[in-house]
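[1] Let me see the structure of the following:
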Amino acid sequence: SQGTMAFAGKYEFEGDENYDAFVQKIGLSSDKVEMGRNCKIVTEVVQNGNDFTWTQHFPGGRTTTNTFTVGKEADMETMGGKKFKATVKMEDGKLVADFPNYRHTAEISGGKLVEISTSSGVVYKRTSKKIA
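    Below you'll find the model as predicted:
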């Protein structure tokens, strides 16, 4: 099926929409807000069937890695570094996860990684271009 390895690759941040409104809504601390603004995050996705390792490389060498299997509860970490449990689902080719205070979806669209986070009606969209 077309969807099997669709996510695997390395993607570099290209642009986002509604960043400030979203990070205010989820209560991100101001130092983390500045760190994340127009941040050239590189997202690396390793996919083996329904098993994913999803790593974000931040400038300056900090990384966040979430490892999960679609449909099974996993230990995850938020943008702000909070640990929680979530079950990532696959819906219409999109990965969907409910974080503690937002819903996150990721899909490959036009060869780009498009991630959308929604919190109380505020929609944050991040687009990354494939670099490897």
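
[2] Could you work out the end-to-end span of stretch 95-109 for me?
    Stretch 95-109 has an end-to-end distance of 13 Å (C-alpha to C-alpha, to the nearest Å).

[3] got the contact list for that stretch?
    Under the criterion C-beta atoms under 8 Å, 6 or more residues apart in numbering, residues 6-7, 22, 25-27, 52, 70, 76, 78, 82, 84, 86-91, 93-94, 113-119 lie in contact with stretch 95-109. C-betas here are computed from N, CA, C, even on glycine.

[4] ChimeraX command to pick out the buried ones of those?
    Selecting only the buried entries of the contacts of stretch 95-109 in ChimeraX, with 16 or more other C-beta atoms under 10 Å as the criterion:
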select :7,22,25,26,52,70,76,78,86,88,94,113,114,115,116,117,118,119
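
[5] Let's see which of the contacts of stretch 95-109 end up in helices.
    Per DSSP state H, helices hold the following members of the contacts of stretch 95-109: Phe22, Lys25.

[6] Next, the buried residues of the strand or helix carrying Phe13.
    Using DSSP states H and E, Phe13 maps to strand 9-17. Under the neighbour-count criterion of 16+ other C-beta under 10 Å, strand 9-17 has Gly9, Lys10, Tyr11, Phe13, Asp16 buried.

[7] quick one: contacts for the second one?
    Residues in contact with Lys10, defined by C-beta under 8 Å, 6+ apart, are Val42, Thr43, Glu44, Val45, Lys130, Ile131, Ala132.

[8] got it, and the last one?
    With contact set as C-beta under 8 Å, 6+ apart, Asp16 has these partners: Asn38, Tyr124, Lys125, Arg126, Thr127.

[9] Tell me the bridge partners for it.
    With DSSP bridges as the criterion, Asp16 is bridged to Arg126.

[10] What's the local residue count around Lys85?
    Residues lying near Lys85 (other C-beta atoms under 10 Å) number 9.

[11] For the nearest residue to it once chain neighbours are set aside, give its distance to Ala97.
    Distance criterion C-beta to C-beta, 6 or more residues apart in numbering; nearest residue to Lys85, sequence neighbours excluded, is Glu73 at 5.4 Å. Distance, Glu73 to Ala97, using C-beta to C-beta, to the nearest Å: 11 Å.
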